[in-house]
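>>> Dropping a prediction and its sequence here:
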Amino acid sequence: MMDTRLIGLVGGLGPAATIHYYSGLLAECTRRGVTARLIINQATVDVVLDAAGRGDRRALAAHVATRMLELQAANAELLAIAAITPHMCMPELAPQISLPIVDAITVTGAEIRRRGITRVALMGTRATVASRLFGRLGTAVVNPEPGQVSRVHDLYVSIVKLGRVEPDAADELRQLAAAYVAEHDVQAVVLAGTELALAPARTWEGLQVIDCAALHIDAIVTASVV
């Protein structure tokens, strides 16, 4: 069995997201018949959330860069962040790092274009939705109603705290996603928060949903076996 290149993952944002990435990377490597080589370095979630909440991309990039440089010193060969929100600082982060970084936003934008989708809505934190995925998605992003955005934000925060999606939360997420499609004439809903991927598959049945985390995991493995 061929080994992957050594993947360096910045994790801890929050723990459930990191576990989701870890499990997903192992499963995808098994599916492809390769052996995963992986190291995880824990970021400080409070530092990340504070910087992201203030929109301080330089501070966020400085913290993530420190963790990535530690991964690089541990002989990682490519890097990724196991969360969506820290990708807001990618323009500031990338010049500080010599190793390739697998960028979730670039991967998601490419998939949207591949599917021929031109109009989407985002589900994630209030800040992520307001930024239209940090202005880097490359397609038309529709703003849902403020009340809808706030409700998704609250549900998302509760999922992060619990580390799981309760059945009632999954049902409400489904109703909100269906409303986005029906009320805002969008072709797809983008899951722009990693923990949303913890919802059971039935949550999104009958809806065209783009899972940023799933696309990112696939791209990380692809980059690791080239």
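Arrived safely, thanks for sending. Numbers count the residues shown, from 1 in each chain.
>>> Okay, domains of this structure per the record?
According to automatic domain parsing, the chain comprises the domains 2-103+214-225, 105-211.
>>> mind listing the helices for the protein?
Along the chain, counting by DSSP state H, helices occupy 15-32, 45-54, 57-73, 90-93, 104-114, 126-130, 146-162, 167-184, 212-225.
>>> Report the buried residues of the third one.
For helix 57-73, burial by neighbour count (16 or more other Cβ atoms under 10 Å) applies to 57, 59-65, 67-69, 71-72. For every residue, glycine as well, the C-beta is placed using N, CA and C.
>>> Of those, which is the nearest to residue 43?
Residue 43 lies nearest to residue 67 out of the buried residues of helix 57-73, by Cβ to Cβ, at 5.2 Å.
>>> That closest one contacts residue 13, doesn't it?
No: the pair residue 67 / residue 13 is not scored as a contact, 10.3 Å apart, by Cβ atoms under 8 Å.
>>> Give me the common contacts of these two.
Residues touching both residue 67 and residue 13 (Cβ atoms under 8 Å, 6 or more residues apart in numbering) are residue 43.
>>> mind showing which ranges of this protein have poor pLDDT?
Across the chain, nothing is flagged by pLDDT under 70.
>>> now do 80
By pLDDT under 80, the weakly predicted segments of the chain are 1, 226.
>>> From the centroid of the protein, which residue is nearest?
residue 84 (3.3 Å; Cα atoms, centre = their mean).
>>> Was I right to think it contacts residue 211?
No: look at residue 84 against residue 211 with Cβ under 8 Å: they stay out of range, at 10.7 Å.
>>> And residue 155, how far from residue 14?
15 Å (Cβ to Cβ, to the nearest Å).
>>> Which one of those two is surrounded by more residues?
residue 155 (23 against 19; other Cβ atoms under 10 Å).
>>> wait, what's in contact with the more buried one?
169, 172-173.
>>> mind putting the residues you listed in a markdown table, neighbour count and distance to residue 198 included?
Converted to a markdown table, the contacts of residue 155 look like this (neighbours: other Cβ atoms under 10 Å; distance: Cβ to Cβ, whole Å):
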| residue | neighbour count | distance to residue 198 |
| --- | --- | --- |
| 169 | 19 | 10 |
| 172 | 16 | 14 |
| 173 | 23 | 11 |
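>>> Just the closest of those residues to residue 142, please.
Proximity of these to residue 142 (Cβ to Cβ) peaks at residue 173, which lies at 17.5 Å.
>>> thought that closest one was touching residue 152?
Yes: between residue 173 and residue 152 there is a contact under Cβ under 8 Å: 7.3 Å.
>>> Mean neighbour count, the helices of the chain: which tops it?
helix 212-225 (a mean of 21; mean count of other Cβ atoms under 10 Å).
>>> Tell me the spacing between the closest residue in space to residue 28 that isn't next to it in sequence and residue 30.
Distances taken as Cβ to Cβ, 6 or more residues apart in numbering put residue 221 closest to residue 28, at 4.6 Å, once the chain neighbours are dropped. Computed with Cβ to Cβ, the distance linking residue 221 and residue 30 is 10 Å.
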